[in-house]
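>>> Build me a model from this:
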Amino acid sequence: MNKKEKEFFLKLLEKEKERISKNLSYAREVIEKRDKGVPTHIADYGTDEFEKDLEVGLSNSESKILKAVDIAIKKIKEGTYGICEDCKKPISKERLKAIPYARFCIKCQTEREKSEK
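Just a heads-up that it's a prediction; the model follows:
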C-alpha cells in the first residue's frame, strides 16, 4: 500500500471514529435523560426500558467498532494495515473502502462466520 492510499484510509478511519464518538455521546445523553425521568404509566415504563436496552445494545456495537477503528489506525502507523490477520494476504481495497477497519479478507471472514454458526 502506497503513502497516498494510507492517507486515504487514515482519513476514512478518522471520520468513522468521529461519527462513532458522536453517536456514543448522544446515546449516553439519551440514557441519562431517560434515567432521570419517571414514567407515569406502567406501559411507558416498559417502553422506556425497551428503548434503554436498545440504546445500550447499539452503544456496545459502536464501542466494538470504535476499538476496531483504533486498531486499524495503529496498523496504518505500524505498516501492517490491509493485511489479513489469518492468511496474511492483502485485503482488497474494495473491502477496505466498505469496511476500513476490516481485519480479515473476505475469504477468511466468511470462514470465520461459518465456523461461528
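>>> Report the secondary structure element holding Ser61.
Using DSSP states H and E, the secondary-structure element containing Ser61 is helix 42-78.
>>> got the phi/psi numbers for the residue lying closest to Ile83 once chain neighbours are set aside?
Closest residue to Ile83 apart from its sequence neighbours, by CB to CB, 6 or more residues apart in numbering: Pro90 at 6.2 Å. Using the backbone N, CA and C atoms, a C-beta is placed for each residue, glycine as well. Dihedral angles phi and psi of Pro90 (degrees, to the nearest 10) take the values phi -60, psi 140.
>>> check contacts around the most centrally placed residue in the chain.
Most central residue of the chain, judged by C-alpha distance to the mean C-alpha position with CA atoms, centre = their mean, is Ile65 at 1.8 Å. Counting by CB atoms under 8 Å, 6 or more residues apart in numbering, Ile65 touches Glu16, Ile20, Tyr101.
>>> quick revisit: if I look at the residue nearest to Ile83, how far off is Phe9?
As judged by CB to CB, to the nearest Å, Pro90 and Phe9 stand 13 Å apart.
>>> Show me which of the two is the more surrounded one.
When Pro90 and Phe9 are compared on other CB atoms under 10 Å, the one with more neighbours turns out to be Phe9, at 22 against 13.
>>> What confidence value was assigned to that one?
In this prediction, Phe9 carries a pLDDT score of 97.
>>> distance between the one helix or strand it maps to and the chain's centre?
Taking DSSP H and E as the criterion, the element that holds Phe9 is helix 3-36. Between the mean C-alpha location of helix 3-36 and the chain-wide mean there is a distance of 9 Å, by CA atoms, centre = their mean, to the nearest Å.
>>> which helices and strands sit right next to that helix?
Here helix 3-36 is seen to pack against helix 42-78, helix 93-98 when contacts are counted using 3 or more CB pairs under 8 Å, 6 or more residues apart in numbering; DSSP states H and E.
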